[in-house]
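Undergrad: sequence and predicted structure are below.
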Amino acid sequence: MPAVFEYFHQVSADEIDGLGHVNNVAYVRWMQDAAVAHSAARGWDAQRYSSEDCGFVARSHFIEYLQPAFADETILIKTWIADMEKITSLRRYRMIRTSDETLLAIAETNWAFLNLTTRRPQRIPSELRAAFEVLDDRER
């Protein structure tokens, strides 16, 4: 499986704000959905995290909005792991309108890995590390 995961989203009317374009909060939801889908595709779905008593929580998000998106457009969210430390992982995203390949936004999330029972940080297990390729994306 390639290091860059592709997730498609069809913009719905309820994602449109008073200015007539996609609301900023929707981009964060797309990032979350793409990250969850990528993890599941690598064998780490919600059930596995639950059974292993661990999971990721967002520590921070960064989004740079470049162009607006509108209802009924198809958006391609590309995501990959850019860094994986002892207890954190940096995931990057590119949101692209498929009809004209316009880059709409660039983003990243810094995730922290937790024990679900204690709610305290814990090391990312080697089995989870092995499921993802870390992409050196400095040239992107």
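TA: Received it, and whenever you're ready, just let me know what you need. The model shown is predicted, which means the values in this text are computed figures rather than measured ones.
Undergrad: residues contacting residue 79?
TA: 4-5, 7, 31, 34-35, 38, 91-94 (C-beta atoms under 8 Å, 6 or more residues apart in numbering). Backbone N, C-alpha and C define where each C-beta goes, glycine included.
Undergrad: rerun that using 10 Å as the cut-off
TA: 3-7, 30-31, 33-35, 37-38, 91-95, 107-109 (C-beta atoms under 10 Å, 6 or more residues apart in numbering).
Undergrad: let's see which of those residues end up in helices.
TA: If you go by DSSP state H, the contacts of residue 79 have 30-31, 33-35, 37-38 in helices.
Undergrad: for PyMOL, write the selection for the buried entries among those.
TA: The following PyMOL line selects those of the ones in helices among the contacts of residue 79 that are buried, judged by 16 or more other C-beta atoms under 10 Å:
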select buried, resi 30+31+34+35+37+38
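Undergrad: for the ones in helices among the contacts of residue 79, give me JSON lines that also has pLDDT and distance to residue 87.
TA: Listed next are these as JSON lines, based on pLDDT from 0 to 100; distance: C-beta to C-beta, whole Å:
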{"residue": "30", "pLDDT": "98", "distance to residue 87": "25"}
{"residue": "31", "pLDDT": "98", "distance to residue 87": "20"}
{"residue": "33", "pLDDT": "98", "distance to residue 87": "23"}
{"residue": "34", "pLDDT": "98", "distance to residue 87": "22"}
{"residue": "35", "pLDDT": "98", "distance to residue 87": "17"}
{"residue": "37", "pLDDT": "98", "distance to residue 87": "23"}
{"residue": "38", "pLDDT": "98", "distance to residue 87": "19"}
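Undergrad: okay then, goodbye and thanks.
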